[in-house]
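K.L.:
Let me see the structure of the following:
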Amino acid sequence: MRYVIIGASAAGCKAAETLRRYAPHSPITVISDEARPLYSRPLLTYVLSGEVAPEKVWLKGEDYFRQWNLDAVLGEPVVRVDPGAHAVHLLGGRHLPYDRLLIASGARPRLLGLKGEELSGVYTLRTLADWRHLAAGLPREGRVVVVGAGAVGLKTADALARRGLTVTLVARGSQPLSRVLDPTAAALLHAALTRMGIEIIYHAWPEAIWGEEGQVRALTLNDGREIPCQAVLFSIGVAPNVEFLAGTDLATAEGIPVDHQMGTADPHIYAAGDCAYPFHLLTGKRAGYHIWPAAVAQGRVAGANLAGAGLAYDGLLPQNSLSLRGFHIITGGLGPQDAVGCETVSELDERRCLYRSFIYREGKLVGLTLVGAVEDAGIYFQLMAQQLPAAGPVQPGRMWG
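P.N.:
Have a look, this model is predicted:
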């Protein structure tokens, strides 16, 4: 049996290691458009700020592929998958045959297609190459506009502020982390960002980027305001890397739909990680939610099932963890916007900047927000993941003793 894995990040490497245990002697080829796996994408913002040394991002040594007896094809993108011929075509012209294929190709940052995105000084931050480009090109002083107030956008804004730059954050919604925070938690986060010196403009989005001599000089917003700046960084979500599946019925704009075995519409092809479109654990509906723990879990199941193990992936459980200069937020499960028909119990200690909110459905914990005191998050996630009956909603006045 010949196995091919497209992708060598969290899902691809976990799948390769799991598959090797099930198939100790079968040929396994891992393809990556990057030159070396595996590094921690979540650490890149901390490398940008100077809190973490660049060499600390590596999670695997240079002899990783040899240790696991994997054939590596590095630095060469996949341009086409031909399911009928059971072949993966590479940019250099080669094609690799397979009996079973795992697609763990990840995702890339979205852009808006604006006038001026081609200028020097326009950045994203998702890969090591992005970090190198950003670190080399950032000015020593001046203003950077960060577009997007999700977790990565917020951490990047903090990293840039730590470097001594003036940072303006542009958010399309009415608050930061609009998908996962209720207004109380968002207000606490807004206050923390303001204390860090980060300016936030809500209900705004860019319409054009302007430059001189090929370099960014200003950003125009939808309300006509023009923000002078030396750089613009986009953090507005990601798009799955599935272009090489054009002409097949395996992918949609949201990713590659998979079943609970991480199988696709083709019985010989599996998918895992940020390119996959799995089921949500709590809603039963498909959900695209791009987090490292989910990619690892999906890779483990997919790797085992490539060898016919028949494992099941229970479903995606959203998790967010944000730490900014001692300000901590952890959220998970259903967000406030999804809590229709649920019971919500919350409590705020504004003096100590502590806030907890729990969402219950039919006696089970299905959502949480923790601000400040986050030590018990693991217990709550276990309750949600296993859908164990909760002892009952936490009573107001008793959350912190």
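
K.L.:
show me what contacts Val47?
P.N.:
With contacts defined as C-beta atoms under 8 Å, 6 or more residues apart in numbering, Val47 is in contact with Ala53, Pro54, Lys56, Val57, Trp131. In short, each C-beta sits where N, CA and C put it, glycine included.

K.L.:
Domain-wise, how is this protein divided?
P.N.:
Following automatic domain parsing, one finds the domains of the chain at 3-41+59-108+238-306, 122-234, 326-386.

K.L.:
Mark which of the contacts of Val47 are buried, thanks.
P.N.:
Judged by neighbour count, with 16 or more other C-beta atoms under 10 Å as the criterion, the buried members of these are Pro54, Val57, Trp131.

K.L.:
Which pLDDT value goes with the nearest residue to the first one once chain neighbours are set aside?
P.N.:
If I follow you right, that is Pro54. In space, and not counting its chain neighbours, Pro54 is closest to Val47: 5.4 Å by C-beta to C-beta, 6 or more residues apart in numbering. Note for Val47: predicted pLDDT of 95.

K.L.:
Would you convert the domains of the chain into JSON lines that also reports distance to Tyr313 and mean pLDDT?
P.N.:
Supplementary listing: the domains of the chain in JSON lines, determined by distance: least, C-beta to C-beta, whole Å; pLDDT from 0 to 100:
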{"stretch": "domain 3-41+59-108+238-306", "distance to Tyr313": "4", "mean pLDDT": "96"}
{"stretch": "domain 122-234", "distance to Tyr313": "22", "mean pLDDT": "96"}
{"stretch": "domain 326-386", "distance to Tyr313": "12", "mean pLDDT": "93"}
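
K.L.:
will you turn those into TSV that also has distance to Asn320?
P.N.:
As requested, the domains of the chain are exported to TSV (distance: least, C-beta to C-beta, whole Å):
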stretch	distance to Asn320
domain 3-41+59-108+238-306	8
domain 122-234	6
domain 326-386	5
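
K.L.:
Can you check which of these gets nearest to Leu317?
P.N.:
Closest to Leu317 of the domains of the chain is domain 3-41+59-108+238-306 (C-beta to C-beta; 4.6 Å).

K.L.:
Which one, of the domains of the chain, ends up nearest to Ala312?
P.N.:
Each of the domains of the chain was checked against Ala312 via C-beta to C-beta, and the shortest separation belongs to domain 3-41+59-108+238-306, namely 4.8 Å.

K.L.:
any idea which helix or strand comes after the helix or strand in which Ala135 is found?
P.N.:
Taking DSSP states H and E as the criterion, Ala135 maps to helix 128-137. Moving toward the C-terminus from helix 128-137, the first helix or strand encountered (DSSP H and E) is strand 143-147.

K.L.:
Counting by contacts, list what that following strand packs against.
P.N.:
Using 3 or more C-beta pairs under 8 Å, 6 or more residues apart in numbering; DSSP states H and E as the contact definition, the elements that strand 143-147 packs against are helix 151-162, strand 166-170, strand 226-228, strand 231-234.

K.L.:
got the angle for the first one vs strand 143-147?
P.N.:
So that's helix 151-162. With axes from the mean of the first three to the mean of the last three C-alpha atoms, to 10 degrees applied, the angle from helix 151-162 to strand 143-147 works out at 170 degrees.

K.L.:
Measure how far helix 151-162 is from the centre of its chain, please.
P.N.:
The gap between where helix 151-162 is centred and where its chain is centred comes out at 15 Å by C-alpha atoms, centre = their mean, to the nearest Å.

K.L.:
If we ignore the residues flanking it in sequence, what's nearest Asn305?
P.N.:
Excluding the flanking residues, the one nearest Asn305 by C-beta to C-beta, 6+ apart is Gln261, at 5.0 Å.

K.L.:
Can you lay out the helices and strands packed on strand 143-147 as a markdown table showing mean neighbour count and distance to Glu76?
P.N.:
Putting the helices and strands packed on strand 143-147 into a markdown table (neighbours: other C-beta atoms under 10 Å; distance: least, C-beta to C-beta, whole Å) gives the following:
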| stretch | mean neighbour count | distance to Glu76 |
| --- | --- | --- |
| helix 151-162 | 24 | 27 |
| strand 166-170 | 22 | 36 |
| strand 226-228 | 14 | 40 |
| strand 231-234 | 25 | 27 |
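
K.L.:
So for Leu316, which of the ones you listed sits nearest?
P.N.:
Comparing the helices and strands packed on strand 143-147 by their distance to Leu316 (C-beta to C-beta), the top pick is helix 151-162, with 16.1 Å.

K.L.:
So what touches that closest one?
P.N.:
Helix 151-162 has contacts (C-beta under 8 Å, 6+ apart) with 45-46, 48-51, 125-126, 138, 144, 146-147, 167, 169, 176-177, 189, 193, 196-198, 233, 235-236, 320, 322, 324-325.

K.L.:
again with stretch 185-201
P.N.:
149, 154, 157-158, 161, 166-171, 175-178, 181, 221, 322, 324-325, 327, 329, 331, 353, 355, 357, 369, 371.

K.L.:
re earlier: now name the helix or strand holding the residue nearest to Asn305.
P.N.:
Going by DSSP H and E, Gln261 is not in any helix or strand.

K.L.:
Can you pull up the most central residue in the protein?
P.N.:
His290 (3.8 Å; C-alpha atoms, centre = their mean).

K.L.:
Tell me which stretches of the stretch 51-200 of the chain form helices.
P.N.:
Taking DSSP state H, counting those that start in this stretch as the criterion, the stretch 51-200 of the chain contains helices spanning 64-67, 128-137, 151-162, 183-195.

K.L.:
Those into JSON lines, with extra columns for distance to Arg110?
P.N.:
Below are these laid out as JSON lines (distance: least, C-beta to C-beta, whole Å):
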{"stretch": "helix 64-67", "distance to Arg110": "30"}
{"stretch": "helix 128-137", "distance to Arg110": "13"}
{"stretch": "helix 151-162", "distance to Arg110": "12"}
{"stretch": "helix 183-195", "distance to Arg110": "22"}
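
K.L.:
Which among these is found nearest to Glu243?
P.N.:
Distances from Glu243 to each of the helices of the stretch 51-200 of the chain were compared using C-beta to C-beta; the minimum, 18.2 Å, belongs to helix 128-137.

K.L.:
I am finished for the moment; much appreciated.
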